[in-house]
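**Q** Provide a 3D model corresponding to the input given below.
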Amino acid sequence: MKKTALILALAFCTIASNAQSLIPTKFGLKVGMNYANLNITPIEGVKPTDNSAQIGIAAGVCVHIALSDKWFINPEVLYSQKGASFNYRFTDDYPINQRDEYATTNKIVLSYVELNPTISYKASDKIALNFGPSVSFLIGDEYTYTQDPKTATVATHGLTGGLLVAESLDIGFNMGISYFLTEQFFIDTRVYTGFMEVAKATQSYEEIPLTADPTPEYLLKNRAIVLSLAYLF
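**A** The predicted structure follows:
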């Protein structure tokens, strides 16, 4: 098994080096945007959200390495903003048969350094089909939360605010198409699907008295449509 793997690795390196001698490696710049959203899953007993996409930056550098005249490896390092805006309503019941109703607005921006070892197949001179994994490292998060009491019968000092706990890593998959306007300039579009839970958003709840009920939370996963312009040197 080890010998087979070694032979395959040597063959891959030989093909790559031969291809690169005919088709030079190219370096490039990419700039574009994420039309990002979140796949939001509420825990049991928590009302679902009404969420909407938001636009973020996606920009960085890329490399085109030829394996043959049809197959390429295109590693990318990007600064990428993801997240979404979402709303939800909730009620807070008091032991004295009174209830407060609230509407909330939430905006989450997750900033990443994103690594995309993309594999491309050049279907024609103009079109390339792209796919591959994506690994993102969180470098910043911003959570804007507002709470609007629709009906308030008693003081609300016992309620927590909305909280966000973001994970440091996201792993997903990209699939898309590139259209070459020239040999150096192309338009790139792809769909990103995240596999991992990237954050937990906590709904407001009454801190006192303490209960055994679970903290009301929303579990978040990234998804996005990415549109970029790229130039190869």
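**Q** pLDDT score assigned to Pro95?
**A** For Pro95, the pLDDT comes out at 68.
**Q** in the chain, where is pLDDT below threshold?
**A** 1-22, 94-95, 150-160, 206-214 (pLDDT under 70).
**Q** now the strands for the protein?
**A** Assigned by DSSP state E, the chain shows strands spanning 26-42, 50-52, 54-66, 71-94, 98-122, 127-151, 163-166, 169-180, 185-194, 199-202, 217-232.
**Q** can I get those strands in a markdown table including mean neighbour count?
**A** For glycine as for every other residue, the C-beta is placed from the backbone atoms N, C-alpha and C. As requested, the strands of the chain are exported to a markdown table (neighbours: other CB atoms under 10 Å):
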| stretch | mean neighbour count |
| --- | --- |
| strand 26-42 | 18 |
| strand 50-52 | 14 |
| strand 54-66 | 18 |
| strand 71-94 | 19 |
| strand 98-122 | 18 |
| strand 127-151 | 15 |
| strand 163-166 | 16 |
| strand 169-180 | 17 |
| strand 185-194 | 18 |
| strand 199-202 | 20 |
| strand 217-232 | 20 |
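**Q** tell me the spacing between the residue of the chain most remote from its centre and Phe90.
**A** Centroid-distance maximum for the chain: Ile96 at 43.9 Å, with CA atoms, centre = their mean. Ile96 is 19 Å from Phe90, where distance means CB to CB, to the nearest Å.
**Q** ok, Phe27 next?
**A** Separation of Phe27 from Phe90 (CB to CB): 51 Å.
**Q** then Val63?
**A** From Val63 across to Phe90, the span is 48 Å (CB to CB).
**Q** which residues touch Ser228?
**A** Counting by CB atoms under 8 Å, 6 or more residues apart in numbering, Ser228 makes contact with Lys30, Val31, Gly32, Met33, Ala58, Ala59, Ile187, Asp188, Thr189.
**Q** before we move on, what about Val63?
**A** By CB under 8 Å, 6+ apart, the contact list for Val63 reads Thr25, Lys26, Phe27, Gly28, Asn74, Pro75, Glu76.
**Q** can you check Ser111 too?
**A** Tyr79, Ser80, Gln81, Leu138, Ile139, Gly140, Asp141, Glu142.
**Q** of these, closest to Asn116?
**A** Nearest to Asn116 among the contacts of Ser111: Ser80, at 9.3 Å, using CB to CB.
**Q** give the contact list for the residue nearest to the closest one when sequence neighbours are not counted.
**A** Using CB to CB, 6 or more residues apart in numbering and skipping residues adjacent in sequence, the residue nearest Ser80 is Glu114, 4.3 Å away. Shown in contact with Glu114 (CB under 8 Å, 6+ apart): Ala58, Gly60, Glu76, Val77, Leu78, Tyr79, Ser80, Ser134, Val135, Ser136, Phe137.
**Q** separation between the nearest residue in space to the last one that is not next to it in sequence and Ala224?
**A** If you skip the residues right next to it in sequence, Phe137 has Val113 as its closest partner in space, 4.9 Å away by CB to CB, 6+ apart. The span separating Val113 from Ala224 equals 15 Å under the rule CB to CB.
**Q** next one: Lys30
**A** Note on Lys30: its distance to Ala224, by CB to CB, is 15 Å.
**Q** the residue nearest the centre of the chain pairs with what?
**A** The centre of the chain sits closest to Asn222, judged by CA atoms, centre = their mean, with a distance of 3.8 Å. When bridges are called by DSSP bridges, Asn222 pairs up with Leu38.
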